[in-house]
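A.B. asks: Sequence plus the predicted model coming up.
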Amino acid sequence: MTGGESADEVEQVRQRYAAAARRLSAGQEAGLAAGPEDGDRFGGAHYEPDVEVPDGAVAASLGCGNPVEVADLRPGDTVLDLGSGGGLDVLLSARRVGPAGKAIGLDMTEEMLTLAQDHAARAGATNVEFLAGRIEDIPLPGNSVDVVISNCVIALSVDKAAVFTEIARVLRPGGRIGITDILAADTLTDADRARRAGHVECLAGALTQVEYRSLLDAAGFAGVEIRPTHPAGDQLLSAIIRAVKPAVPQGNPDGWADERE
């Protein structure tokens, strides 16, 4: 893949989610539901109906699961949500970690950040922060968060190895990931991927379970658990992924370092 193709794909993703944010904002202003119409595979169907956040935050969910239920959040944790969208998982995380903790959302789409900030203000959340940036280049110092979550976003990245390297960098030793994402079935062929190329969905770039595990291993994670949960499309599966950043990486007695420092 050339740099130009990567840039084009990133812009396609950004435009898609910017348009979704505008639709959601317009729907909220008109008092209408504006969430995705994809049955139980994506969106707010993965959350309890009485979840105590603004209705718009639930409607804005475009994910394939509920990473907050996966991540085992604890009071006082600092949590980072990659691709935070309308802010639903950030707000739910903020409630779990309590006033001694913090929930940070990272998104590259200005319109989604605006929507998320509005939802946070309406929820009265004071222990949240939203940052603009790419998940391949997280604008946080190393060893600064306890948990990284994400909801059907990493599959869209054009450089997943960079994403996992960045997650490992910002996590504190002993930190953990709890994410939901889209996996490709083992039956998905290169020809299938080629036919899907150019579509801004969790399709052409989805990894198989073996490929996903390999990248997590290469980034230095331990205790990797990948568990498919339900179909998410033709030869695609939603999955829960958990892993831990060891206190000291194998082969590096000096421990984890922030390469930016």
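C.D. replies: Here it is on my side, so go on. Numbers count the residues shown, from 1 in each chain.
A.B. asks: What about residue 134, how many residues nearby?
C.D. replies: 19 (other Cβ atoms under 10 Å). In this view, the C-beta of every residue, glycine as well, is placed from N, C-alpha and C.
A.B. asks: Would you agree it is in contact with residue 107?
C.D. replies: No: under the criterion of Cβ atoms under 8 Å, residue 134 makes no contact with residue 107, lying 9.4 Å away.
A.B. asks: Helix or strand: which one has the residue lying closest to residue 179 once chain neighbours are set aside?
C.D. replies: Spatially, and ignoring its direct neighbours in sequence, residue 179 is nearest to residue 150 (4.3 Å; Cβ to Cβ, 6 or more residues apart in numbering). For residue 150, the host element (DSSP states H and E) is strand 145-151.
A.B. asks: Could you point out the helix or strand that follows that strand?
C.D. replies: Strand 145-151 is succeeded, C-terminally, by helix 160-170 (DSSP H and E).
A.B. asks: OK, contacts around the closest residue to residue 171 other than its chain neighbours?
C.D. replies: Take residue 171 and drop its neighbours on the chain: the residue closest to it by Cβ to Cβ, 6+ apart is residue 245, 4.4 Å away. Counting by Cβ atoms under 8 Å, 6 or more residues apart in numbering, residue 245 makes contact with 168, 171, 172, 173, 174, 175, 176, 220, 221, 222, 256.
A.B. asks: partners of the residue nearest to residue 179 in the sheet?
C.D. replies: Counting by DSSP bridges, residue 150 is bridged to residue 82, residue 179.
A.B. asks: Next secondary structure after the least confident helix or strand in the chain by mean pLDDT?
C.D. replies: Of all helical and strand segments in the chain, the minimum by mean pLDDT, DSSP states H and E falls on helix 55-59, at a mean of 51. The helix or strand immediately downstream of helix 55-59 is helix 67-70, counting by DSSP H and E.
A.B. asks: Which elements pack onto that following helix?
C.D. replies: For helix 67-70, the contact count by 3 or more Cβ pairs under 8 Å, 6 or more residues apart in numbering; DSSP states H and E identifies helix 88-97, strand 145-151, strand 171-184 as packing neighbours.
A.B. asks: quick one: the second one to strand 171-184, angle?
C.D. replies: Counting by axes from the mean of the first three to the mean of the last three Cα atoms, to 10 degrees, strand 145-151 lies at 10 degrees to strand 171-184.
A.B. asks: the inter-axis angle of the helix or strand residue 226 falls within versus strand 171-184?
C.D. replies: If you go by DSSP H and E, residue 226 is part of strand 222-233. Orientation check (the same axes, to 10 degrees): strand 222-233 against strand 171-184 gives 30 degrees.
A.B. asks: burial measure for residue 137, as a count.
C.D. replies: Residue 137: 12 surrounding residues under other Cβ under 10 Å.
A.B. asks: List the contacts of the closest residue to it other than its chain neighbours.
C.D. replies: Spatial nearest neighbour of residue 137, excluding adjacent residues (Cβ to Cβ, 6+ apart): residue 166 at 6.7 Å. Residues in contact with residue 166 (Cβ under 8 Å, 6+ apart) are 135, 136, 137, 138.
A.B. asks: and those as TSV, adding distance to residue 232?
C.D. replies: Converted to TSV, the contacts of residue 166 look like this (distance: Cβ to Cβ, whole Å):
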residue	distance to residue 232
135	20
136	23
137	27
138	25
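A.B. asks: now the residues you listed: which count as buried?
C.D. replies: Among these, those classed as buried by 16 or more other Cβ atoms under 10 Å are 135, 136, 138.
A.B. asks: Give me the mean pLDDT for stretch 141-159.
C.D. replies: Averaging pLDDT along stretch 141-159 gives 94.
A.B. asks: hmm, back to that, please identify which of the contacts of residue 166 is nearest to residue 235.
C.D. replies: Proximity of those to residue 235 (Cβ to Cβ) peaks at residue 135, which lies at 24.4 Å.
A.B. asks: who are the neighbours in contact with that closest one?
C.D. replies: Neighbouring residues of residue 135 by Cβ under 8 Å, 6+ apart: 82, 83, 106, 108, 150, 153, 154, 157, 163, 166.
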